[in-house]
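**Student:** Give me coordinates for this.
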Amino acid sequence: MNTLLRISPEHTAATAVNQYVQVNGDTIAYRAIGAGSPIVLANRMRGTLDTWDPLFLDSLAERHTVITFDYPGVGYSNGTLPDDLGKVASFVDDFATAIGLDRFAMLGWSWGGFTTQTLLLDQPERVTHAILVGTNPPGQGQLPIQQVFIERAMKPVNDLDDEEVLFFEPKSAFSRAAAKASRERIYSRPDVVSKIPSQMEQFMVYLKAAEVFGEDASGRRARLTLVRTPMLVISGDNDTSTAGQNWFPLIGQLRNAQFVFYPEAGHGPQHQYPELSAQYIADFISRTSK
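**Tutor:** Numbers count the residues shown, from 1 in each chain. Predicted coordinates:
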């Protein structure tokens, strides 16, 4: 890693301060904790620096330098979020260069998983490992997003009840307890809500990009089957947004992919199983590195 990336060893996810870098004329906010090879985390729709579970980040930072960022126009960053995932991936490429990264592992959650796959295909020399969490491959899936998810996702502010539906498995007492614990960790940082995108015009940017990713006119799904970069797919068994079962048709076609499915879990499996997920990810990177 280049010394442009500044890391304060004493900081945890809860205490990490915002750093800022100029990317294509925009001021982009990011945080960096931990030590070891870098892993860049691309966030979900409406996610900000503040909405990652601190326990997941801290667990991952035990063996890696963990870098989170806000997209242009989201959270603490200024600018405008593109409605084209090719442009979003290009931004991530430029952001990585701006903070001095050459090659890095990349984790994408949900919409960030679309971004991660796009960068992997567009700039394969950049991504050493792709970790795809609560997300789908390009192209039309067999199981569509469910109405119950859409109704909650479109609310300007989400409470615990919404998050149980959006990211966990509300029928499971175990999952509901995990949702409460995760939310308490996230909201231990003050003023989380004010930075979360809450306007319909902001939602539509994400949705337009996701729609094009699903239509896959550029043939990314076929190209994904040619990739030999190690990929780890982590899914919940009851994801009402990006059903993990939509990866099943690609099993046997993907050349270097591994899969983890969690029981009684939804769209945020790494927040329900933060320490276990970090362990899987770190072991995966270690065992598949050249």
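**Student:** Packing partners of the helix or strand containing residue 165?
**Tutor:** In the assignment (DSSP states H and E), residue 165 maps to helix 160-167. Counting contacts by 3 or more CB pairs under 8 Å, 6 or more residues apart in numbering; DSSP states H and E, the secondary-structure elements packed against helix 160-167 are helix 147-153, helix 173-186. In short, each C-beta sits where N, CA and C put it, glycine included.
**Student:** repeat that with 10 Å
**Tutor:** For helix 160-167, the contact count by 3 or more CB pairs under 10 Å, 6 or more residues apart in numbering; DSSP states H and E identifies helix 147-153, helix 173-186, helix 269-272 as packing neighbours.
**Student:** Off-centre distance for the helix or strand that the last one is followed by?
**Tutor:** This means helix 269-272. Helices and strands here follow DSSP H and E; after helix 269-272, the next one along the chain is helix 274-288. Taking CA atoms, centre = their mean, to the nearest Å, one finds the center of helix 274-288 at 15 Å from the center of the full chain.
**Student:** Kindly calculate the angle that helix 274-288 makes with helix 173-186.
**Tutor:** 90 degrees (axes from the mean of the first three to the mean of the last three CA atoms, to 10 degrees).
**Student:** So which bits of helix 274-288 are buried?
**Tutor:** Burial within helix 274-288, assessed by neighbour count using 16 or more other CB atoms under 10 Å, is assigned to 274, 276, 277, 278, 280, 281, 282, 284, 285, 288.
**Student:** Please tabulate these in CSV, including the columns distance to residue 203 and pLDDT.
**Tutor:** Compiled in CSV, the buried residues of helix 274-288 are given as follows (distance: CB to CB, whole Å; pLDDT from 0 to 100):
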residue, distance to residue 203, pLDDT
274, 27, 98
276, 31, 98
277, 27, 98
278, 30, 98
280, 31, 98
281, 29, 98
282, 33, 98
284, 32, 98
285, 33, 98
288, 36, 98
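**Student:** May I see the buried residues of the helix holding residue 165?
**Tutor:** Of the residues in helix 160-167, those with enough neighbours to count as buried (16+ other CB under 10 Å) are 163, 164, 165, 166, 167.
**Student:** check contacts around the closest residue to the third one other than its chain neighbours.
**Tutor:** Ranked by CB to CB, 6 or more residues apart in numbering and with sequence neighbours excluded, the top spatial neighbour of residue 165 is residue 152, at 5.0 Å. Contacts for residue 152 were tallied using CB atoms under 10 Å, 6 or more residues apart in numbering; they are 158, 159, 161, 162, 163, 164, 165, 166, 167, 240, 241.
**Student:** just so I have it, where are all the helices in the stretch 51-200 of the chain?
**Tutor:** Listed from the start of the chain, the stretch 51-200 of the chain has helices (DSSP state H, counting those that start in this stretch) covering 54-60, 85-98, 111-122, 147-153, 160-167, 173-186, 200-215.
**Student:** Of all those, which one is nearest residue 255?
**Tutor:** helix 111-122 (12.7 Å; CB to CB).
**Student:** Next, the angle from that closest one to helix 200-215.
**Tutor:** With the same axes, to 10 degrees as the criterion, the two stretches helix 111-122 and helix 200-215 enclose an angle of 50 degrees.
**Student:** Against which helices or strands is helix 111-122 packed?
**Tutor:** Under the contact rule (3+ CB pairs under 10 Å, 6+ apart), helix 111-122 is packed against strand 38-42, helix 85-98, strand 104-109, strand 127-133, helix 200-215, helix 220-224, strand 231-236.
**Student:** how many other residues sit next to residue 234?
**Tutor:** Counted by other CB atoms under 10 Å, the residues lying close to residue 234 total 27.
**Student:** So in terms of bridging, what pairs with it?
**Tutor:** Beta-bridge partners of residue 234, counted by DSSP bridges, are residue 133, residue 260.
**Student:** Identify the residues contacting it.
**Tutor:** 107, 109, 113, 131-135, 244, 258-262, 265, 269-270, 273, 276-277, 280-281, 284.
**Student:** Can you tell me which of the helices and strands packed on helix 160-167 is most buried?
**Tutor:** With neighbours taken as mean count of other CB atoms under 10 Å, those reach their highest mean count in helix 269-272, at a mean of 28.
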